[in-house]
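> take this sequence and fold it.
(4 chains)
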2 protein chains.
Amino acid sequence: MPGRSHSTAQPLHSEPRYRQLARILADSIAEGEEGEYPPGSQLPSETELLERYQVSRNTVRQAVAELRRMGLAVSQQGKGTYVRQEPEHTHAIKRTLIRRGKRLELGHPFTKAETVTVTRGHARGTIARLIGRGPIHTLTAERLIIDEDTGVRAAALTTVPFDIADEVPALAECPDAHPEELYAMLADAGHTLSFWETVTARSARPDEQAALAADTILITHRVTEDQEGRALLVEELRMSAESASLSYRITPTTPKRG
Amino acid sequence: MPGRSHSTAQPLHSEPRYRQLARILADSIAEGEEGEYPPGSQLPSETELLERYQVSRNTVRQAVAELRRMGLAVSQQGKGTYVRQEPEHTHAIKRTLIRRGKRLELGHPFTKAETVTVTRGHARGTIARLIGRGPIHTLTAERLIIDEDTGVRAAALTTVPFDIADEVPALAECPDAHPEELYAMLADAGHTLSFWETVTARSARPDEQAALAADTILITHRVTEDQEGRALLVEELRMSAESASLSYRITPTTPKRG
DNA sequence: TATCATTTGTTCGTATGTATC
DNA sequence: CGATACATACGAACAAATGAT
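Below you'll find the model as predicted:
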């Protein structure tokens, strides 16, 4: 009778064991500071859990994976699994603009830029849709920016459509400049700028998990338009949703009368 | 020699097999409409994949789990795994306000409210922090709202601090009213309203996965303030990041001179 | 510096449950 | 009912990171 030993005695139709175990652990974690597993504490090792709850190692691992998916725990090879510190210190990133004389300043400037690569190419996907005038050549600057005050890191991607770069030579020369500079160049070229931004999120890809220290990624796309509603510039920002939140001021608008 | 047969002949230090396989499949999916696995198509079954790539079932399952985490595929027991339809039709939810006479209208009203429950309690966590004046009694209205045009569903939670409800009796009577009504009540009570909003995201909890059809949850908190910066109202909105994105207009502000 | 125990990560094998057609 | 597909669960072994000896 090869491989016949596990009893599988759980009542059928019931919640899977790994999820039961995940719920038990999640409830304990939810007790917080006074409970068995306060924030920052180490969970029992897989071996201890499988002995205590009489399940296989695989089942324990599935349960712990659930906890990670729920954002309740983080694991580190060679060390153990730890209860995540609460997200109280998610830093608010102000996505606003402040008019200072003729200049527009970012509400929350990142202080440090780590790498910059500039590439020519075609806009695809979301950015192409935001530019919204067919398949179009673009200049794209990519960098990793860091807010040294809070430690928040973000991947920034600035895309300039080629037709705009043609009209504003200063832009074509340094598409990797600071956004404030780009706004100034566009304004100097005679454009009246308006801005809007979209936010979405998704789970982090493996490379982003490492580079941005994130499980969930917040993505913003800021579109700079001229008065006719033509997209002059698209900035993409990707950052960890665990360490940052985005903050917007909402200004009621008065519709134009028709 | 029980259980000794797998050769484990992969080059050491390399990317794990399940991730290699995930990448291979993800790249094929990325080819899109012209590729091997266009959107909506069925992926090969686990059995076929393990034969084709000479790995174990567990490894295939881990690879497919990665695809699901990346939002590229969805699995259904008994049927198969399918390439997810592209997120082109993530619907933009306009988080703006339009002034129409004395009234403020939402830029993107949800058309239908499914359930409403009103509870008294204490604000905790994020909402308490946004109200920002100590542990405070609150009135909270919860509902599931649906945009019938797009099918987007969202969980909405409106919290009124008790001290505000005391000052504005109309608010205390129907805290479950439409936000536009709440704004009108506060304005009628003599407040000059201003608004700001924060956005964050996290992976969906099991109940949200079912109720909101989401893997990743976008969360907004809109704070309505009076002229002194006191929080009058906090609205929380939770929705699927796969089916919706949030759209903000950014209005440059002129700082008060000191 | 090197070794070793501990802990999580990867991979194989196998059996069975449950949903779909 | 049976075939197929994914989901759950058990067991075993080795890899890789970590910290202490």
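> stretch A:46-59 close to DNA strand C?
Yes. Judged by CB under 7 Å from any atom of the strand, stretch A:46-59 comes into contact with DNA strand C at A:46-48, A:57-58. In this view, the C-beta of every residue, glycine as well, is placed from N, C-alpha and C.
> may I ask which of those residues has the most neighbours?
Note: the member of these with the most neighbours is A:E46, at 18 neighbours, neighbours being other CB atoms under 10 Å in any protein chain shown.
> where in the stretch 1-150 of chain A is pLDDT low?
Residue ranges of the stretch 1-150 of chain A with pLDDT under 70: A:1-13, A:86-89.
> out of the residues of stretch A:46-59 next to DNA strand C, which comes closest to DNA strand D?
When those are ranked by distance to DNA strand D (CB to the nearest atom of the strand), A:N58 comes first, at 4.1 Å.
> tell me the contacts of the closest residue to A:H91 other than its chain neighbours?
The spatially closest residue to A:H91, leaving aside those adjacent along the chain, is A:T150, at 4.2 Å (CB to CB, 6 or more residues apart in numbering or on different chains). Contacts for A:T150 were tallied using CB atoms under 8 Å, 6 or more residues apart in numbering or on different chains; they are A:91, A:243-244.
> now A:T150: how far from DNA strand D?
In this structure, A:T150 and DNA strand D are separated by 24 Å, where distance is defined by CB to the nearest atom of the strand, to the nearest Å.
> quick check: that residue is in a strand.
No. Applying DSSP: H, G, I helix; E, B strand; the rest coil, one finds A:T150 to be coil, outside a strand.
> ok, back up a step: can you lay out the residues of stretch A:46-59 next to DNA strand C as JSON lines showing secondary structure?
As requested, the residues of stretch A:46-59 next to DNA strand C are exported to JSON lines (three-state DSSP):
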{"residue": "A:E46", "secondary structure": "helix"}
{"residue": "A:T47", "secondary structure": "helix"}
{"residue": "A:E48", "secondary structure": "helix"}
{"residue": "A:R57", "secondary structure": "helix"}
{"residue": "A:N58", "secondary structure": "helix"}
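> determine which two of the residues you listed are furthest apart.
Spatially, the most separated pair among these is A:E48 and A:N58, at 15.6 Å (CB to CB).
> which stretch of helix or strand covers the residue in chain A that chain B sits nearest to?
Closest contact between chain A and chain B, by CB to the nearest CB, is at A:A201 (3.4 Å). According to DSSP states H and E, A:A201 maps onto strand A:194-203.
> tell me the angle that strand makes with strand B:194-203.
Comparing the axes of strand A:194-203 and strand B:194-203 via axes from the mean of the first three to the mean of the last three CA atoms, to 10 degrees yields an angle of 30 degrees.
> so what are the sheet partners of strand A:194-203 and their directions?
Neighbouring strands of strand A:194-203 in its sheet, by DSSP bridges, are strand A:216-225 (antiparallel), strand B:244-250 (antiparallel).
> residues making contact with the last one?
Where contact means CB under 8 Å, 6+ apart, the residues beyond strand B:244-250 that reach it are A:95-97, A:194-200, A:222, A:248, A:250-251, A:253, B:90-96, B:107-108, B:150, B:152, B:154, B:197, B:199, B:218, B:220.
> repeat that for 7 Å
Taking contacts as CB atoms under 7 Å, 6 or more residues apart in numbering or on different chains, the residues outside strand B:244-250 that touch it are A:95-97, A:195-200, A:248, A:253, B:90-96, B:152, B:199, B:218, B:220.
> now a ChimeraX select for only the buried ones of those.
Selecting only the buried entries of the contacts of strand B:244-250 in ChimeraX, with 16 or more other CB atoms under 10 Å in any protein chain shown as the criterion:
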select /A:95,96,97,195,196,197,198,199,200,248 /B:90,93,94,95,96,152,199,218,220
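> how about the residues of chain A by chain B?
Residues of chain A found near chain B (CB under 7 Å from any CB of the partner chain) are A:69-71, A:90, A:92, A:95-99, A:104, A:195-203, A:205-206, A:215-216, A:218, A:241, A:245-255.
> could you find the closest non-adjacent residue to A:T216?
The spatial neighbour of A:T216 that comes closest, neighbours along the chain excluded (CB to CB, 6+ apart), is A:A241 at 4.1 Å.
> what residues does the one you found make contact with?
With contacts defined as CB under 7 Å, 6+ apart, the neighbours of A:A241 are A:201, A:214, A:216-218, B:200-202.
> and of those residues, the nearest to DNA strand D?
When those are compared for distance to DNA strand D (CB to the nearest atom of the strand), A:A214 comes out closest, at 18.2 Å.
> so that closest one, which of the three states?
The local conformation at A:A214, judged by three-state DSSP, is coil.
> beta partners for the residue of chain A closest to chain B?
Applying DSSP bridges, one finds that A:A201 bridges with A:L218.
> please apply the same query to A:I98.
Beta-bridge partners for A:I98, by DSSP bridges, are A:E105, B:T253.
> and the residue of chain A closest to DNA strand D?
Using CB to the nearest atom of the strand, the single residue of chain A nearest to DNA strand D is A:G78, 2.4 Å away.
> against DNA strand C, how distant is the nearest residue to A:A92 once chain neighbours are set aside?
Closest residue to A:A92 apart from its sequence neighbours, by CB to CB, 6+ apart: A:S247 at 4.5 Å. Note on A:S247: its distance to DNA strand C, by CB to the nearest atom of the strand, is 33 Å.
> what about A:S247, how many neighbours?
A count of neighbours around A:S247, defined by other CB under 10 Å, yields 19.
> let me see the confidence value for it.
pLDDT, the model's per-residue confidence, is 97 for A:S247.
> lowest-confidence one in the contacts of A:A241?
Per-residue confidence across these is lowest for A:A214, with 82 (pLDDT).
> so what sits opposite the nearest residue to it once chain neighbours are set aside in the bridge?
Once flanking residues are discounted, A:A214 sits nearest to A:S240: 3.2 Å by CB to CB, 6+ apart. Beta bridges link A:S240 to A:I217, judged by DSSP bridges.
> again with A:L139
With beta bridges defined as DSSP bridges, A:L139 has these partners: A:R120, A:V160.
> from the chain's centre, how far out does the helix or strand containing A:D27 sit?
A:D27 is part of helix A:17-30 when elements are defined by DSSP H and E. For helix A:17-30, the distance from its own C-alpha centre to the chain's C-alpha centre is 27 Å (CA atoms, centre = their mean, to the nearest Å).
> any idea how chain A splits into domains?
Chain A breaks down by automatic domain parsing into domains covering A:15-83, A:91-247.
> follow-up on the earlier one: what sits up against the strand holding A:A201?
Where contact means CB under 7 Å, 6+ apart, the residues beyond strand A:194-203 that reach it are A:95, A:97, A:215-225, A:241, A:246, B:69-71, B:90, B:92, B:199, B:201, B:203, B:215-216, B:218, B:241, B:245-250.
> can you pull the contacts of A:V64?
Contact partners of A:V64, counting by CB under 7 Å, 6+ apart, are A:73, A:75, A:81.
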